[in-house]
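>>> For reference, the sequence and a predicted model appear below.
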Amino acid sequence: MVMLVAFASMPEAQNQAPSPQSSSTAPAGNADEGKKLFVSYGCYQCHGREAQGSSSTGPRLGPRPIAFTAFSRYVRRPTGQMPPYTAKVLSDTDMADIYAYVQSRTAPPAVQSIPALREP
């Protein structure tokens, strides 16, 4: 089960938009396959089915993930409660697919655009 619980404590993980370099350094991945892997590895249990995260279980991963190199480095050698996912457990191809899925998540609508949440 992929648990990126301490991921948010990383300076790179503070919900910043990816730099143009992060797209070019990320290997091509298959978002559809990444969605299946996100579920099968249990990532959704802490990060939600849309990678939206939760303050009580795990940080937001998408829709604008940190650069792939930082993402991969943390998954391989986490500093928090998440167990390490070495290449023996999670292949580089699977990592790229999961990253592609996280990148493919759409941003939620602005609060102001939801009638039920507008001030009366």
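Perfect, I can see it now. Note that this is a predicted model, so its numbers are computed, not measured.
>>> hmm, who's touching stretch 113-120?
Val111, Gln112 (C-beta atoms under 8 Å, 6 or more residues apart in numbering). Where C-beta positions appear, they are placed from N, C-alpha and C, glycine not excepted.
>>> Could you tell me how many residues sit around Ile66?
When counting by other C-beta atoms under 10 Å, one arrives at 25 neighbours for Ile66.
>>> again with Arg77
11.
>>> burial count for the closest residue to it other than its chain neighbours?
The shortest distance from Arg77 to any non-neighbouring residue, by C-beta to C-beta, 6 or more residues apart in numbering, is to Pro84 (5.9 Å). For Pro84, the number of neighbouring residues by other C-beta under 10 Å comes to 11.
>>> Same check on Pro27?
If we define neighbours as other C-beta under 10 Å, then Pro27 has 13 of them.
>>> Look up the closest residue to it, ignoring the ones flanking it.
Per C-beta to C-beta, 6+ apart, closest to Pro27 is Ala96, 4.2 Å.
>>> How about the host helix or strand of that neighbour, which residues are buried there?
Element membership for Ala96 (DSSP states H and E) is helix 92-104. Residues Asp94, Met95, Ala96, Asp97, Ile98, Tyr99, Ala100, Tyr101, Val102, Gln103 are the ones in helix 92-104 that count as buried (16 or more other C-beta atoms under 10 Å).
>>> ok, now stretch 73-82?
Tyr74, Val75, Pro78, Met82.
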